[in-house]
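Visitor: Here you go, sequence then predicted model.
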Amino acid sequence: MLISVVVPHLNQPEFLETGLAALHAQEGVTSEIEIIVVDNGSRQLPESICAKWDNVRLTSEPTPGPGPARNRGVALARGELLAFIDADCKAHPGWLSAIEKEFADPECTIIGGDVRVGYVDPSSPSFLEPYESIYSYRNNEHIADGFSGTGNLAARASVVKEVGPFAGIAIAEDRDWGLRAGKLGFKIRYIPDMIVYHPARKTFEELTRKWDRHIAHDYEWMRSRPLGGLKWLLRAIAVAGSPALELRTVLTSNRVSGAYERLLAMLCLARIRLYRGQRMLSLFFEGNSHSVSGAWNRK
């Protein structure tokens, strides 16, 4: 069996090198592996990095967005199985073997795994790391809602072909693709041993840019529904006032440890929820989400 790993990349050469090294340090996998790195408009192509490994192929996709980049990788892939991981993610040593093991079941069609935050220095967590450990990348919850984050996703090539391409930059391509797959009758399994590590964002501004994008995508989706505007307004107010309701989650989460990490998580949570509520209200009154959703990581 051949597994094709598709990695979209944009201006993250250090992360890409670390991620490719992790993919070449996988344990227990017996399948042949090919890796397709799809550059999406970087200032400099990561040619020297990709050239370090014989099974890494570098190509380019000029259309902005991780969805079009993944589509380019899919078009070039030769494997019966397609695995998707982001350039800034580091695969656990058992990532590919967990994928291989699950697809030994002929009934398995699509799977998604656990996404955890990788601390730069576990002895000295940043302001954002504990918060993101609890509240970001909760892929088990996404899968329960019918889609998997595309930074940790695998599917049979035949299934990807049937579901069709990932959407462009204007919408959340992972949710869109997963929900389309569900409408066709495909079920996404959550595999806890299929683990990747994602770095926390370094600054609060990076976190707000992420939420700007998600808020814009959600607004486009919700305003087309019956009473969507009213529901959005009520949701914005609820988000801004929600941190107090999250105290139990912060105190009991097994994704952080110690009083200091929990305090940081709570402080960051309050700050970002207030920001999200304000941003949602701005969109409600301004009504223009495309300037936000179209600005994905193009700096």
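Guide: Yep, it's here.
Visitor: who's in contact with the nearest residue to Asn55 once chain neighbours are set aside?
Guide: Nearest residue to Asn55, sequence neighbours excluded (CB to CB, 6 or more residues apart in numbering): Glu34, at 5.4 Å. Yep, even glycine has a C-beta here, placed from its N, CA and C like the rest. Residues near Glu34 by CB atoms under 8 Å, 6 or more residues apart in numbering: Leu2, Ile3, Ser4, Val5, Asn55, Arg57, Ala77, Arg78, Gly79.
Visitor: now, the most widely separated pair of those residues?
Guide: Longest distance between any two of the contacts of Glu34 is 13.8 Å, between Ile3 and Arg57; criterion CB to CB.
Visitor: So between these two, which is more surrounded?
Guide: Shown here are Ile3 and Arg57; by other CB atoms under 10 Å, Ile3 has more neighbours (23 against 16).
Visitor: A strand includes the more buried one, no?
Guide: Yes: counting by DSSP: H, G, I helix; E, B strand; the rest coil, Ile3 is part of a strand.
Visitor: I'd assumed Ser31 was in contact with it.
Guide: Yes: counting by CB atoms under 8 Å, Ser31 is a contact partner of Ile3 at 4.9 Å.
Visitor: so what's in contact with the two at the same time?
Guide: Leu81, Leu96, Glu100.
Visitor: which of those lies closest to Ala87?
Guide: Leu96 (16.9 Å).
Visitor: check which helix or strand covers that closest one.
Guide: Counting by DSSP states H and E, the element that carries Leu96 is helix 95-102.
Visitor: what's the following helix or strand after that helix?
Guide: Following helix 95-102 in sequence order, the next helix or strand is strand 110-118 (DSSP H and E).
Visitor: so what does that following strand touch, helix or strand wise?
Guide: With contacts defined as 3 or more CB pairs under 8 Å, 6 or more residues apart in numbering; DSSP states H and E, strand 110-118 has these neighbours: helix 95-102, helix 129-135, helix 139-144, strand 152-156, strand 188-199.
Visitor: possible to save these as JSON lines with distance to Val115 and mean pLDDT?
Guide: Converted to JSON lines, these look like this (distance: least, CB to CB, whole Å; pLDDT from 0 to 100):
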{"stretch": "helix 95-102", "distance to Val115": "11", "mean pLDDT": "98"}
{"stretch": "helix 129-135", "distance to Val115": "10", "mean pLDDT": "95"}
{"stretch": "helix 139-144", "distance to Val115": "5", "mean pLDDT": "94"}
{"stretch": "strand 152-156", "distance to Val115": "5", "mean pLDDT": "98"}
{"stretch": "strand 188-199", "distance to Val115": "6", "mean pLDDT": "96"}
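Visitor: mind checking which of the ones you listed is nearest Gly258?
Guide: Once these are compared by CB to CB, helix 129-135 is nearest, at 9.1 Å.
Visitor: Identify the residues contacting the closest one?
Guide: By CB under 8 Å, 6+ apart, helix 129-135 touches 116-117, 119-120, 200-201, 207, 249-250, 253, 255-256, 261-262, 264-265, 268-269, 272.
Visitor: And the pLDDT for Asn71?
Guide: Asn71 carries a pLDDT score of 98 in this model.
Visitor: now do Gly294
Guide: Per-residue pLDDT puts Gly294 at 47.
Visitor: where's Ile169, which helix or strand?
Guide: Ile169 belongs to no helix or strand, assigned by DSSP H and E.
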